[in-house]
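Colleague: got a sequence here, can you model it:
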Amino acid sequence: MNKTNKSFDLNMHTARLLMDEPFFASLSRRVNKVACTSFPTAGVRVNPDTAQFEMIYNPEFFEKLSDEGRKDVLKHEFYHLVFEHVTSRKPDAVNPRVWNFATDLSINSHLHNLPENCVKPGQGPFAEFPEGLSAEAYLELLKKMQEEEKSKQSESENGESESGESQSGDGLPDDGQFDSHDDWGDTDATTEEIAKERLKEFIKKAAEDASKTSNGWGSVPSSCRRDIIARLQTRIDWKNVLRYFIKTSTRAKQRSTVKRLNKRYRYIHPGKKVQRRANIAISIDQSGSVNDEMLQAFFGELNKLAKLASFTVIPFDTRVDESLVYEWKQGQNHKTERVMCGGTCFNAPTEYVNKNSFDGHIVLTDLMAPKPKASNCQRMWMTTKYYASRPYFKTNERIIAIDV
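Modeller: As a prediction, this is how the structure comes out:
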């Protein structure tokens, strides 16, 4: 991807453009925007390396638009994120191009300053389509339109139908989409899951910001608001989050070998054989505030996690007794065990993990203690739904809620 340093920087204009759109402004602050001259217009995607949503845009395209046009293009892209068009909402066994038209029709019903020739219900080849439907509803209308087009068998050799509209061969117009949908669905399941959970948090914060003022939702129609709020109630599959955590904590372990040739210095230096593994630490809060029922739930989740990987278990309360630390090997089951029962200090397991150079750290706890010092590796917290909604301290680190 060719990034650019063109004079038009969308980041410098976004806040001004969305002054009267608090919901979109809040969401915009949490979406990376990357300028790229090789990109024709704009588009959103999941970055496969970071599992973050980002908007790619061409500065020259944006520079030519009016302020109202720029605002609607921004909202168009953010609507794609809000309604999960970028990830897993796409139905199985559906032509991507047809789905692309369906998503654009659902979004463009609410936008009136987009570039010319954008697909819109009630206009052009979609004149009979009503406004305000979901992407799934437009998908069914498009399928019906395609069937009717096939039955007419009216396409000529130059690709024009009897109506004179240029066709692509699938019964849909050749143009009408100004943005790119090329990178949708290109990430693996775990990356998508972690990105979706991050986005859910972004949208939740944006919805909270919007609810603080009478016009906080700006131009978002009431039907879209209801849909957005309903989506915030959906639950994440935390097992995919854990898989992603293990995946991103994996590091390369190298050792010399004479059996594999060094690609650059053959027969001079030994080759390197790379083994990829994740050295994960699991700290279990054994303080008195963690009751036996919660502790039993924690061990139940660890028995499930052991199906994915081996890890080191670190029981703690206000301290870590190194004689109680043990390795939980992949495939093993362990019974619930309480070996400590004091207060709670998250610095104790953090210091142990930092000292022993782990790649990832998951803390099972009720979160009822002060915020700990920084971790040298990525850290994640697991607790119950009750404590997840009432954390003792604020953190940007991931908190996973489990059932008890």
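
Colleague: distance from the helix or strand where Glu147 lies to the middle of the chain?
Modeller: Using DSSP states H and E, Glu147 sits in helix 135-152. Chain-centre distance of helix 135-152: 31 Å, with C-alpha atoms, centre = their mean, to the nearest Å.

Colleague: so which bits of that helix are buried?
Modeller: For helix 135-152, burial by neighbour count (16 or more other C-beta atoms under 10 Å) applies to Ala135, Tyr138, Leu139, Leu141, Leu142, Met145, Glu149. (C-beta placed from N, C-alpha, C; glycine too.)

Colleague: off-centre distance for stretch 75-89?
Modeller: Its chain's C-alpha centre and that of stretch 75-89 lie 11 Å apart, by C-alpha atoms, centre = their mean.

Colleague: and it, which residues are buried?
Modeller: Buried residues in stretch 75-89, counted by 16+ other C-beta under 10 Å: 75-87, 89.

Colleague: stretch 303-319 too?
Modeller: Going by neighbour count (16+ other C-beta under 10 Å), the buried part of stretch 303-319 is Leu305, Ala306, Leu308, Ala309, Ser310, Phe311, Thr312, Val313, Ile314, Pro315, Phe316, Asp317.

Colleague: and the last one, how far is that from Lys144?
Modeller: Spatial separation of Asp317 from Lys144 under the definition C-beta to C-beta, to the nearest Å is 64 Å.

Colleague: helices - which of the buried residues of stretch 75-89 land there?
Modeller: Judged by DSSP state H, helices contain the following of those: Lys75, His76, Glu77, Phe78, Tyr79, His80, Leu81, Val82.

Colleague: so what are the domain limits for this structure?
Modeller: Taking automatic domain parsing as the reference, the chain has its domains at 10-158+171-235, 240-251+279-402.

Colleague: for these, please prepare JSON lines with the additional fields mean pLDDT.
Modeller: As requested, the domains of the chain are arranged in JSON lines below (pLDDT from 0 to 100):
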{"stretch": "domain 10-158+171-235", "mean pLDDT": "83"}
{"stretch": "domain 240-251+279-402", "mean pLDDT": "89"}
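
Colleague: picking that back up, adding distance to Lys373, write the buried residues of stretch 75-89 out as TSV.
Modeller: As requested, the buried residues of stretch 75-89 are arranged in TSV below (distance: C-beta to C-beta, whole Å):
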residue	distance to Lys373
Lys75	41
His76	43
Glu77	38
Phe78	36
Tyr79	41
His80	39
Leu81	34
Val82	36
Phe83	40
Glu84	37
His85	40
Val86	36
Thr87	35
Arg89	40
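
Colleague: and which of the residues you listed is nearest Tyr352?
Modeller: Nearest to Tyr352 among the buried residues of stretch 75-89: Thr87, at 36.9 Å, using C-beta to C-beta.

Colleague: surely the closest one and Val44 touch.
Modeller: No: Thr87 is beyond contact range of Val44, at 10.5 Å (criterion: C-beta atoms under 8 Å).

Colleague: rebuild the buried residues of helix 135-152 as TSV, extending it with distance to Tyr392.
Modeller: As requested, the buried residues of helix 135-152 are exported to TSV (distance: C-beta to C-beta, whole Å):
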residue	distance to Tyr392
Ala135	41
Tyr138	46
Leu139	46
Leu141	51
Leu142	51
Met145	56
Glu149	61
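
Colleague: looking at the residues you listed, which is nearest Ala206?
Modeller: Top of the list for closeness to Ala206, among the buried residues of helix 135-152 and by C-beta to C-beta, is Ala135 at 20.4 Å.

Colleague: quick one, what contacts the closest one?
Modeller: Ala135 sits next to Phe83, His85, Arg89, Trp99, Ala102, Thr103, Leu105, Ser106 when contact means C-beta atoms under 8 Å, 6 or more residues apart in numbering.

Colleague: show me what contacts the spatially most central residue of the chain?
Modeller: With distances taken as C-alpha atoms, centre = their mean, Ala195 lies nearest the centre of the chain, 1.4 Å away. Counting by C-beta under 8 Å, 6+ apart, Ala195 makes contact with Val46, Ala51, Gln52, Phe53, Thr87, Thr187.

Colleague: same question for Met382.
Modeller: Phe298, Glu301, Ile362, Val363, Leu364, Thr365, Ile399, Ile400, Ala401, Ile402.

Colleague: next one: Leu74
Modeller: Counting by C-beta under 8 Å, 6+ apart, Leu74 makes contact with Thr14, Leu17, Leu18, Phe24, Ser28.
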